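> Provide a 3D model corresponding to the input given below.
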Amino acid sequence: MHSNGVGSVRSFKNCSSPISTGPGSLRIRRLSHVRAAKGDAKGRQPWDIGRFARTVAFFNDLPGTPQQFLAALLSAPGKAVAQFLPNNTTQQANQSPVLTLLPALGALNGSAPSSNVVLVTGGTGGVGKRVVQRLLARGRVVRALVRDVPKAKQLLGNLAVAPGGCLQLVAADITQRATLTPDMFEGVRAVVSCTAVKVQPKEGDTPDRAKYYQGIKFNDPEIVENTPEAVEYKGLSNLLEVVADNLGYEQGKVLMSPDASLAARWGALDDVVMGGVSESSIVFSANAGESGPALLFRGMVSTDNSGGFISVRCKNFEPSLDLSAYEGICLRVKGTGMRYKLIIRTDTRWDGIGYCRSFDTKAGEWQDIYLPFDEFIPVFRAKTVRDGTQLDASSIASLQLMLSKFEYDGDLNPAFKAGYMELPITSIKAYLQQPVTPRFVHVSSAGVTRPNRPGIDVEQEPPAVKLNDALGGLLTYKLAGEDVVRSSGVPAAIVRPCALTEEPAGAPVQIDQGDTIKGKISREDVAELCVSLLEQPVATGVTFEIKSTIPFSQQWQPEAAQTGKRNWAAELSSANLHRGVTGRTINGVYTGKEPEDVALRQTAAV
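Residues are numbered from 1 along each chain as shown. Have a look, this model is predicted:
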């Protein structure tokens, strides 16, 4: 996107800290007058070894007291610093809970892709198994979260897999938080949530739930196994708690904000490490932002002693950040007209390869600087590493901001000036690829807002509305689960199908909002819709209902001309969907097809 290596501009909250004041830091300050020399005939200033020692101490856990480290630095500097350099130590990986049921074509030893995975919950259910089938047919890597592995093998083990696709299984129960371990969700970048409480007639059903799936009417249903609260609300809460970070947040993940406590986690890393005399810090300012606080990266940069750079770096994130769900890093800054670098480190050691991206700023202007991960280049001490090393955004240890007279490999920064500078920063955050598409697709149900809606005739509503209380608040908890999804910050789409049938796909459909429509819809169509929603920006952040326009009394049988692929993008666009529309009743007011906040403002104005 930017072949010149300079960040793009599309017009964030903070962190700072100069030198910390831990035990012994005063002693280091008192020794800061120690010099390696008293200058030379060329006018070089002596090396401030005390400031160098404080820099090392800020970013590393010292092996002894600060005094001992300084003494070792003076007597054997190479040995003292070597302990903070990278090593090749590796840890043995734990056994993965992920079982590969259908390996990718050509995979060696049953190995399976571990990135860009689509997780499907309820993967053995009526909609879920069809979602799995369609994703595999598209060559996607699918991970089905199931309670019963033998059942999953039986139902899913013979599905066709297109090139690039594979099917994995993880055994867990979303109602039991302890069964949902982080390693089950590694590489997951999207979720289709098809889990639902189990309903059947009191007289029982066949082992394959034929009565339920065939839509046979029964007037005395019951909930079996788990309760609606456990599945529809708490289970969904558990799932989002563990998977949200993997999916990414629509507004981005804030890494730095204007907060004095966060500022204390940042320290100076200037050219003193190579004998220079430049000096910088990052400090909190209550009024340096556009309309409030900001962090100030400020300092005096000098080219004396062959130096010429200032920088600030945060302490290592613990644990390292997995930002692989995001496209890159965005900085909100007030420019100075100079070119800076953002450096990302994946190594927790003090000195090692940094992944760099230069960016230009406009003097006096607030700017959003977007820096895609795939444009960062590996650099070691200002030299480009040309061994094919690439940034791994799944293990980010620290961030660093730098102003330097050097670019890379000896080239000079064309937009550099020595002297004092201040760069106000209000935010550094990871951002999602644009336009944002749903990362979490949830299958709910039409009718969730109708129990207790003023003026509604429950006798004219589907049985679940009339029997909501008898079924343990089934629709009430489905609505509560929807609220969990909507408030998660994850880009999501919520589908509310009407009564589900086993009819073929392809019937004409109606998509609506406000939770008023009634009718039926094929599980085939719902599954096809869910898979398509993962690619539909128009569906991000919306909740909608869907039904077939074929009457209940008429069986849908598509003709040959009606079996082609449906254009879901066109269907969704023509529905004119809006964010914030739920059809909920709030304080006795039915919000209808208006966004909740708009409907409430209109009511208050009457």
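> buried residues, stretch 174-187. List them.
Buried residues in stretch 174-187, counting neighbours by 16 or more other Cβ atoms under 10 Å, are found at I174, T175, T179, L180, M184, F185, E186, G187. For glycine as for every other residue, the C-beta is placed from the backbone atoms N, C-alpha and C.
> verify the stated contact: A493 with R439.
No: the pair A493 / R439 is not scored as a contact, 9.3 Å apart, by Cβ atoms under 8 Å.
> after the longest strand along the chain comes which helix or strand?
For the chain, the strand with the greatest residue count under DSSP state E is strand 419-431. Once strand 419-431 ends, the next helix or strand along the chain (criterion: DSSP states H and E) is strand 440-443.
> what's next to that following strand, contact-wise?
Applying Cβ atoms under 8 Å, 6 or more residues apart in numbering, the contact partners of strand 440-443 are 122, 127, 190-194, 196, 236, 240, 243, 247, 481-482, 485, 488, 490-495, 497, 526, 530, 533-534.
> in helices, which of these appear?
Cross-referencing these against helices under DSSP state H gives L236, L240, V243, L247, G481, E482, V485, V526, C530, L533.
> spatially central residue in this protein, please.
In the chain, the C-alpha nearest the mean C-alpha coordinate belongs to G248, at 1.4 Å (Cα atoms, centre = their mean).
> tell me the SS of the residue nearest to that residue when sequence neighbours are not counted?
Using Cβ to Cβ, 6 or more residues apart in numbering and skipping residues adjacent in sequence, the residue nearest G248 is A325, 3.5 Å away. Classification of A325 using DSSP: H, G, I helix; E, B strand; the rest coil returns coil.
> tell me the contacts of A325?
Going by Cβ under 8 Å, 6+ apart, the list of residues near A325 reads R189, D245, N246, L247, G248, L432, R439.
> chain center to the helix or strand harbouring I521: distance?
Using DSSP H and E, I521 maps to strand 520-522. Put simply, strand 520-522 sits 33 Å off its chain's centre (Cα atoms, centre = their mean, to the nearest Å).
> quick one: strands adjacent to that strand?
Applying DSSP bridges to the sheet, strand 520-522 is found paired with strand 499-501 (parallel).
> where does the residue nearest to W568 when sequence neighbours are not counted land on pLDDT?
Once flanking residues are discounted, W568 sits nearest to S532: 4.0 Å by Cβ to Cβ, 6+ apart. Model confidence at S532, expressed as pLDDT, equals 98.
> so S532 touches N567, yeah?
No: if you go by Cβ under 8 Å, S532 and N567 don't touch, sitting 9.2 Å apart.
> wait, what's in contact with L156?
Contacts of L156 were listed using Cβ under 8 Å, 6+ apart, and they are L101, L102, G123, T124, K129, V132, A144, L167, L169.
> same question but for A575, I mixed them up
By Cβ under 8 Å, 6+ apart, the contact set of A575 is I511, D512, Q513, F544.
> 6 Å instead, please
I511 (Cβ atoms under 6 Å, 6 or more residues apart in numbering).
> shouldn't L135 be within a helix?
Yes: judged by three-state DSSP, L135 forms part of a helix.
> number of nearby residues for it?
For L135, the count of nearby residues is 27 (other Cβ atoms under 10 Å).
> so is the closest residue to it other than its chain neighbours in a helix, a strand, or just coil?
Nearest residue to L135, sequence neighbours excluded (Cβ to Cβ, 6+ apart): V142, at 4.8 Å. The three-state assignment at V142 reads strand, by three-state DSSP.
> one more: R601?
helix.
> what residues of stretch 462-480 count as buried?
Applying a neighbour-count criterion of 16+ other Cβ under 10 Å, one finds 462-468, 471-480 buried in stretch 462-480.
> who touches the residue nearest to the centre of the chain in this structure?
Going by Cβ under 6 Å, 6+ apart, G248 touches A325, Y326, L432.
> list phi and psi for it.
Dihedral angles of G248 (phi, psi; degrees, to the nearest 10) stand at phi 90, psi 160.
> per-residue confidence at it?
Looking at G248, its pLDDT reads 97.
> ok, it to S487 distance?
16 Å (Cβ to Cβ, to the nearest Å).
> shaky segments in the stretch 51-200 of the chain?
For the stretch 51-200 of the chain, the stretches with pLDDT under 70 are 51-94, 106-114.
> inside helices: which ones of the contacts of L156?
Judged by DSSP H, helices contain the following of the contacts of L156: K129, V132.
> can I get the contacts of L156 in a markdown table including distance to M402 and neighbour count?
Output for the contacts of L156, formatted as a markdown table (distance: Cβ to Cβ, whole Å; neighbours: other Cβ atoms under 10 Å):
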| residue | distance to M402 | neighbour count |
| --- | --- | --- |
| L101 | 48 | 19 |
| L102 | 48 | 20 |
| G123 | 47 | 28 |
| T124 | 53 | 20 |
| K129 | 52 | 21 |
| V132 | 47 | 29 |
| A144 | 46 | 28 |
| L167 | 46 | 27 |
| L169 | 46 | 22 |
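> can you pick out the most distant pair from the contacts of L156?
Spatially, the most separated pair among these is L102 and T124, at 14.5 Å (Cβ to Cβ).
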